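Asks: show me the folded form of this:
(one chain, ligands or ions: 2)
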Amino acid sequence: MTDELSITPQTIFQRRRHFIRQLLALGLCGQLGPVRAQEAAFDSNKCDSTLAADEPLTPEKSALHYNNYYEFSTNKEAVATLAQAFTLRPWELRVDGAVQRPLVLSLDDLAALPGVQRTYRLRCVEGWSMVLPWRGIPLADLLALAQPKSEAKFVRFIGTLRPAEMIGQRRPVLPWPYTEGLRLDEALHPLTLLATGLYDAPLSPQNGAPVRIVVPWKYAFKSIKAITRIELITEQPITSWNQTVPSEYGFYANVNPDVAHPRWSQKREVRIGELRKRPTLPFNGYACDVAHLYAGMDLQRDF
Ligand SMILES: Nc1nc2c(c(=O)[nH]1)N[C@H]1C(S)=C(S)[C@@H](COP(=O)(O)O)O[C@H]1N2
Ligand SMILES: [Mo]
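Replies: Ligands and ions are numbered 1, 2, ... in the order given. This next block holds a predicted model:
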């Protein structure tokens with residue numbers, strides 16, 4: 001955050017301070033206490049989630065021109081061009097459902113929350129992966145502001161429905177808007193990010209601007225782009241890919257080399273920019289951080 005503040009023009013800085021003062025007045029910043037403690041635990045915990053020396057960042061050009069984003073096209077190379085005309089402002093992100101304090105946030109409101117930078121592996125279910133430097137806010141921080149009620153057990157993320165701009169939505173490739181979901185404890189995990197930036201720049205439209213979810217231990221289809229609503233709910237939500245092909249795309253979709261996709265093995269992957277395949281790691285290399293969330297579950301059945 002400090003680096004961001006130091007380059008923020010004074011007026012924006014003051015507006016952010018005003019927003020944070022408003023949160024303080026509402027007694028909301030106090031809610032960040034326990035979550036921040038968790039964040040500190042994540043930073044200094046025993047899990048070594050750092051990337052191996054042979055895992056350099058994916059070239060920015062690849063991340064910006066090789067995209068799955070079916071609202072625009074099923075052709076990965078076509079998405080970047082088709083997404084350029086997507087209107088990013090004004091934007092409203094709602095956080096509602098089973099919460100004490102429903103929120104409607106603008107992009108300036110989001111920018112006022114303390115930000116983090118995280119470099120994560122992103123593993124597509126199709127068998128390729130990237131290493132991407134995100135900027136955003138821990139999703140737990142946002143959820144803490146909304147104060148989930150005790151009956152909230154799951155979170156539903158709703159993408160954008162705008163067929164006039166998203167020409168892929170004119171065909172029923174998936175149920176639109178693109179919808180994803182997490183169990184509440186997964187959504188609150190310190191690795192789960194609400195991303196607004198990539199490679200030290202605001203997110204590009206093709207990467208899910210203005211705001212997307214990133215869940216690095218799950219297949220990348222869970223990392224939903226261009227979200228407009230985060231709804232706290234009591235039951236497991238119906239999600240686009242799981243609803244469309246339940247035998248291939250589970251609700252949990254944890255990266256797992258031991259559970260094959262019905263049409264291909266998940267044991268190995270191609271890191272974009274590399275020639276040789278590398279082994280796929282359980283939970284995409286984040287097992288130490290997240291495996292405890294699934295203790296007692298049959299990960300072959302509940303994939
Ligand atoms: N709204 C939306 N989000 C989405 C998708 C999509 O089609 N629509 N594709 C998913 C898939 S399959 C992948 S691999 C990643 C790709 O993210 P990237 O283009 O930023 O690398 O976005 C995910 N999020
Ligand atoms: Mo994907």
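Asks: right, and residue 123 touches residue 219 too?
Replies: Yes. If you go by CB atoms under 8 Å, residue 123 and residue 219 touch, sitting 6.3 Å apart. The way it works is simple: take the backbone N, C-alpha and C, and place the C-beta from them, glycine included.
Asks: any residues of the chain in contact with ligand 1? List them.
Replies: Within the chain, the positions near ligand 1 by CB under 6 Å from any ligand atom are 63, 67-71, 122, 124, 159, 178, 207-208, 220-221, 223-226.
Asks: where does the stretch 151-300 of the chain dip in pLDDT?
Replies: Judged against pLDDT under 70, the stretch 151-300 of the chain has no low-scoring part.
Asks: quick one: the strands in it, in order.
Replies: In the stretch 151-300 of the chain, the segments counted as strands under DSSP state E, counting those that start in this stretch are 154-158, 179-183, 193-198, 201-202, 212-214, 229-233, 268-271, 278-279.
Asks: want to throw those strands into TSV with mean neighbour count?
Replies: Output for the strands of the stretch 151-300 of the chain, formatted as TSV (neighbours: other CB atoms under 10 Å):
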stretch	mean neighbour count
strand 154-158	23
strand 179-183	22
strand 193-198	23
strand 201-202	13
strand 212-214	23
strand 229-233	21
strand 268-271	17
strand 278-279	11
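Asks: check whether the lengthiest strand in the chain comes near ligand 2.
Replies: For the chain, the longest strand by residue count, based on DSSP state E, is strand 128-138. No. Strand 128-138 does not reach ligand 2 (CB under 5 Å from the ion); its nearest approach is 8.4 Å.
Asks: and the residue of the stretch 1-150 of the chain closest to ligand 2?
Replies: Minimum separation of the stretch 1-150 of the chain from ligand 2 (CB to the ion) falls at residue 124, amounting to 3.4 Å.
Asks: so what's the residue count around that residue?
Replies: 19 (other CB atoms under 10 Å).
Asks: from what I can see it touches residue 76, true?
Replies: No. When contacts are counted by CB under 8 Å, residue 124 is not listed as touching residue 76 (9.9 Å).
Asks: list the residues that contact residue 53.
Replies: Taking CB atoms under 8 Å, 6 or more residues apart in numbering as the contact definition, residue 53 lies against nothing.
Asks: the one helix or strand residue 117 maps to pairs with which strands, parallel or anti?
Replies: Secondary structure assignment for residue 117, by DSSP states H and E: strand 116-123. Sheet pairing of strand 116-123 (DSSP bridges) gives strand 128-138 (antiparallel).
Asks: now the angle between strand 154-158 and the helix or strand just after the partner strand, please.
Replies: Downstream of strand 128-138, the first helix or strand assigned by DSSP H and E is helix 139-146. Counting by axes from the mean of the first three to the mean of the last three CA atoms, to 10 degrees, helix 139-146 lies at 100 degrees to strand 154-158.
Asks: packing partners of helix 139-146?
Replies: helix 32-44, strand 93-97, strand 103-105, helix 184-187, strand 193-198, strand 229-233 (3 or more CB pairs under 8 Å, 6 or more residues apart in numbering; DSSP states H and E).
Asks: can I get stretch 199-208 in CSV, CA atoms only?
Replies: Taking C-alpha atoms only, stretch 199-208 is exported to CSV below (Å, rounded to 0.1, in the frame of the first residue of the first chain):
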residue,chain,number,x,y,z
TYR,A,199,1.8,-6.3,-13.8
ASP,A,200,1.8,-2.9,-12.0
ALA,A,201,-1.1,-1.6,-14.1
PRO,A,202,-4.8,-1.6,-13.8
LEU,A,203,-6.4,-4.8,-15.0
SER,A,204,-6.9,-4.9,-18.8
PRO,A,205,-10.4,-5.7,-20.1
GLN,A,206,-9.3,-9.1,-21.3
ASN,A,207,-8.0,-10.1,-17.8
GLY,A,208,-11.3,-9.2,-16.1
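Asks: spatially nearest residue to residue 285 (excluding sequence neighbours)?
Replies: Setting aside the residues directly before and after it, residue 285 is nearest to residue 121 in space (CB to CB, 6 or more residues apart in numbering), at 5.8 Å.
Asks: let me fix that, I meant to ask about residue 117.
Replies: Nearest to residue 117 is residue 135, by CB to CB, 6+ apart, at 5.2 Å.
Asks: surely that neighbour and residue 211 touch.
Replies: No. The pair residue 135 / residue 211 is not scored as a contact, 11.2 Å apart, by CB under 8 Å.
Asks: sweet, I'm off.
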